[in-house]
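Asks: one predicted model, sequence on top.
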Amino acid sequence: MLTTFIPLGVTLVAAPLVPGLINKTKAAFAGRQGPPLFQLYFDLLKLLNKGAVYSRVTTWIFRAGPIVSLASVIVAALFVPVAGTASLSFSGDIIAFAYLLGLGRFFTVLAALDTGSSFEGMGASREVTFAMFAEPTLFIIFVILARVTGSLSLSSMLTQAPLVGTPSMAGLLALVVFSLFIVCLAENSRIPVDDPATHLELTMIHEVMVLDHGGPDLAFILYGASIKLFVMVAMLAHLVFPMPDGSPVQSGLVFGSLMALITIVIGIVESAMARLRMVRVPRLLMAACMIACFGMIISLR
Amino acid sequence: MTFLGLSLLMVFLGGVLVFLPGLSRRAASLTHTVLVLAGCGVGLVPAWQALAGQTLSSVLVSWSVPGGQIELGIDALSGLFLLLHFVVSAAAVLFGSSYFEPYEEERSLKSVRFFLSGFIIAIALVFTAQNAVLFLVAWEMMALAGFFLVAFEGHERQVRRAALLYFVATHLGTLCLFVVFGVLGMRAGSFAFAQMAGHPALLAASTPIFVLALLGFGSKAGFVPLHIWLPEAHPAAPSPVSALMSGVMIKTGIYGLLRVLGLFAQPPAWWGLTLGAIGMCSGILGIVWALAQSDVKRFLAYSSIENVGIITLGIGIGYLGVSFHNPLIALFGLAGTLWHVVNHGLFKSALFLGAGSVLHATGSRDMNQQGGLFTRMPLTGCCVLMASMAICGLPPFNGFISEWLIYSGAFHLGQRQELYLFVGAPVLALIGALAVACFSNAFGAQFLGVARTERASAAKESDWRMLLPMGALTGACLMIGLVPGRCFPALGRAAAAAAPLSQMDVLGAIGDGGPLLSNIGLLSGAFLFLATFLFLMRQGILAGKDVAQSSTWGCGYSLVSARAQYTASSFAQFPVSLFRSLVDRRVESDRPKGYFPTGARFRSSAPDLILNRVVSPLVERSLAWMSTFRRLQHGKVQLYLLYMFVFMVALLFWKL
């Protein structure tokens, strides 16, 4: 019974490492030493020990936002395999996965609007707009995987996809991974869609929506964001390389190194690229969607 | 069936007794409300029995109308629609007893109560008629009662125009239905649905019947581009009536479509494809147009078009499943459709009632004029929030369950060889993301932030007669979301009644689907548990720590005006700009000029693209063309008599 929750446990414990590794990579590119790998753990601990300041305008929705978004992302993480196995899976859980992320987004947006700040309204508007492109792309990828594997559950789609090994599938793999990578960057507010490091409110999307949160609420938000990032990187890791059937130690090692590799790639992208202009972002996401559609055509065989 | 008769009788008495002389206003309101509520309560019994799998004997009374017979029967499909109808009617009437009160000062409400009862009875008859002639009579009664209800505030020009548009649209639809049922009756030799079902003579006429049924029922359901009356009539009608129209009346179109198409044993694949395509168009266009609106009831009307699109996409998937002999796809599509019908009826009527509460409290339907209502109307706000989450298909509410079923059908279709079948799921995802944008915007603009006007800051919470119906409807949404596995067998029965699924292994497919749905219920439970845990954890952390109040962060500036907030229009501007070729967005603005600007103005609106760019020009063109014939109609009676004489002589010559 308890062993089924090991994948979720790994996700919950290891998730804050991903942003840490990205920041380390960026620091290395910039020639700095950068914050320690475990910085987010320290930040979370510090924030959890703080009090909170709430705007007089806000209602309980503002306080519920971080709770709901963290709870929904944790439940969504149940379906995502870690080193080849997921905590929970059933036919059609992909829809639940996407809609749980949608639930988190809905409450983050409402919490932002609850402050009555025009900055946060702006961020909220951008967030829902970019989701309009990211979600269909994600579903096209799901349909492709459903065709290739004949399954409708996230873990068997990702672990049984016979994309690696057969040369005819290599093209499909490249297209799927590329568009899922862009979706991952957009969903997690990374460069080139959004810049998690900037402090100029007008250029931000996700960061500006959580501008008024502090203390434990901010800790929930940061933790939830790191879990979401971990989960999407884990999806990519399983697509890129199937986990060996052997011992858990072996597949754990493969999974860990793949996770680190993809995270470093995200860090490299962030170091090498500038954030796109806001009006260009929809074009990038449309391109990802089209690439997924090409993948759809290839999957016909 | 005795229960149904008793129920309709009580609703009828409720509508008629208000005309008793000497009845005080209070007594009239009370009589109407109590009788209609009791009638709806009694009506739930047969609906529930039919859904639970009992076969109810039908009523058969002979009727002097040629071909007509008063034949009423309830199968599982009727039962499902009837259940929804009586629940929503009860909620709308209880809400109305408070909502109409302010009007009572200036006018009599007898007629509106009468037509409300008539409307409820007519819809119940539409859902139970087993004879085409009776069906058409009930359909017409429903259209007429609906017209008088929409025209409630007919002294306003806008309302008169909307009511007239509704009237014309519904009658154009009915015209098609006359042909549909005429052809069906002639070919089958009887107007009873039972005699028509599976009649071999129908096959030759299946294509025209399908097309005309799409037009006739589609104009009632609101398929794009036949939806033009919806965004005009819904804002014009009083809120409880809009709730009933959007929650139930537009579903009569879906019901009729399922009934008529269900007469054919083997639907061709192109039917499913056409329905799916229509559904996707309606879904995407409806929700994109909704995003551009700032009148909350107009916005909800467009969102109804979107949901009818989802429902139609589900029918398409179900029919494709039937054509491909795949019971699982058929069941996912049709059960998802029917479930979405019920779910949409529940949350959309709750949203319309919520819009009515806000209108009642602030006197405005413009979302840009509201703001911060959540602190003043917390209970209404909670109901609207829950209904908004449900309509976006977010767990743990009922909308997720029905969309999950339709999605599953779409995924199973996507696994087939044909390439074009993959589009269902991505399109649903696009609609879902747009719905999240729409409803977070609508809820945020009205209920969150700071009040933008005096009226909004003086709003008061509604009384219990308004809150109870909304609470009951949203409570039902949550309940269905938490225990979906239990409702599934009833829906499977309704789906089997809706399509020629009987020869297939429906029970097996239900057996496959039920446990999956229980998983989802479990998931919703897990989410609620985790959220509660995190809430308690946060309380624990914050206990004994500094929790301060301050103003919203404004980059150091703390005296921000309420008017500087993001409005509904500004929120929607970016996403709508990406769909500018699909939306007729009009902007009037005076920009601030000079170093010391004195005034500036900005106003945006999005009139209906089809109505303004297609229908109105067409109507004007044809009117101009037809006006050439006006010379024949000049009001000179002696010349009219001459026309008749010439015509009769011509007839005589032709026959002799």
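Replies: Nice, thanks for sending it over. It should be emphasised that the depicted structure is a prediction, and the values quoted were computed from it without experimental measurement.

Asks: and the closest residue to chain A within the stretch 51-200 of chain B, what does it touch?
Replies: Per CB to the nearest CB, B:L80 is where the stretch 51-200 of chain B lies closest to chain A, at 22.8 Å. All C-beta atoms are positioned from the backbone trio N, CA, C, and that covers glycine. By CB atoms under 8 Å, 6 or more residues apart in numbering or on different chains, B:L80 lies in contact with B:A47, B:L51, B:L338, B:V341, B:V342, B:A490, B:L491, B:A494.

Asks: most surrounded residue in those residues?
Replies: Sorting the contacts of B:L80 by how many neighbours each has (other CB atoms under 10 Å in any protein chain shown) puts B:L338 first, at 33 neighbours.

Asks: state the distance from that residue to B:I311.
Replies: Relative to B:I311, B:L338 is positioned 9 Å away (CB to CB, to the nearest Å).

Asks: return the residues in contact with the residue of chain A most remote from its centre.
Replies: The C-alpha centroid of chain A is most remote from A:R56, which lies 32.1 Å away (CA atoms, centre = their mean). Each residue near A:R56 by CB under 8 Å, 6+ apart is listed here: B:Q549, B:S550, B:S551, B:T552.

Asks: with adjacent residues omitted, what lies nearest to whichever residue of the stretch 101-250 of chain A sits closest to chain B?
Replies: Nearest residue of the stretch 101-250 of chain A to chain B, counting by CB to the nearest CB: A:G121, 2.5 Å away. Leaving aside its sequence neighbours, A:G121 sits nearest to B:Y566 (CB to CB, 6 or more residues apart in numbering or on different chains; 2.5 Å).

Asks: helices of the stretch 451-600 of chain B, start to end?
Replies: B:454-457, B:464-482, B:484-498, B:506-542, B:568-578 (DSSP state H, counting those that start in this stretch).

Asks: again with the stretch 301-450 of chain B
Replies: Counting by DSSP H, counting those that start in this stretch, the helices of the stretch 301-450 of chain B are B:327-362, B:373-376, B:378-391, B:398-414, B:424-447.

Asks: does anything pack onto the biggest helix by length in chain A? Which helices or strands?
Replies: When chain A is scanned for its longest helix (criterion: DSSP state H), the result is helix A:118-149. For helix A:118-149, the helices and strands in contact under the criterion 3 or more CB pairs under 8 Å, 6 or more residues apart in numbering or on different chains; DSSP states H and E are helix A:93-114, helix A:154-160, helix A:167-187, helix A:206-209, helix A:281-298, helix B:398-414, helix B:424-447, helix B:568-578.

Asks: would a markdown table of these with mean neighbour count and mean pLDDT be doable?
Replies: Converted to a markdown table, the helices and strands packed on helix A:118-149 look like this (neighbours: other CB atoms under 10 Å in any protein chain shown; pLDDT from 0 to 100):
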| stretch | mean neighbour count | mean pLDDT |
| --- | --- | --- |
| helix A:93-114 | 27 | 95 |
| helix A:154-160 | 23 | 88 |
| helix A:167-187 | 19 | 90 |
| helix A:206-209 | 24 | 86 |
| helix A:281-298 | 19 | 93 |
| helix B:398-414 | 28 | 93 |
| helix B:424-447 | 28 | 96 |
| helix B:568-578 | 22 | 92 |
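
Asks: now distance to A:I227 too, for those, in CSV please.
Replies: Converted to CSV, those look like this (distance: least, CB to CB, whole Å):
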stretch, distance to A:I227
helix A:93-114, 10
helix A:154-160, 15
helix A:167-187, 12
helix A:206-209, 14
helix A:281-298, 23
helix B:398-414, 21
helix B:424-447, 20
helix B:568-578, 27
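
Asks: which stretch among those comes nearest B:L172?
Replies: helix B:424-447 (27.4 Å; CB to CB).

Asks: gap between the residue of the stretch 501-650 of chain B found nearest chain A and A:D114?
Replies: Proximity of the stretch 501-650 of chain B to chain A (CB to the nearest CB) peaks at B:Y566, 2.5 Å away. The spacing between B:Y566 and A:D114, counted by CB to CB, is 12 Å.
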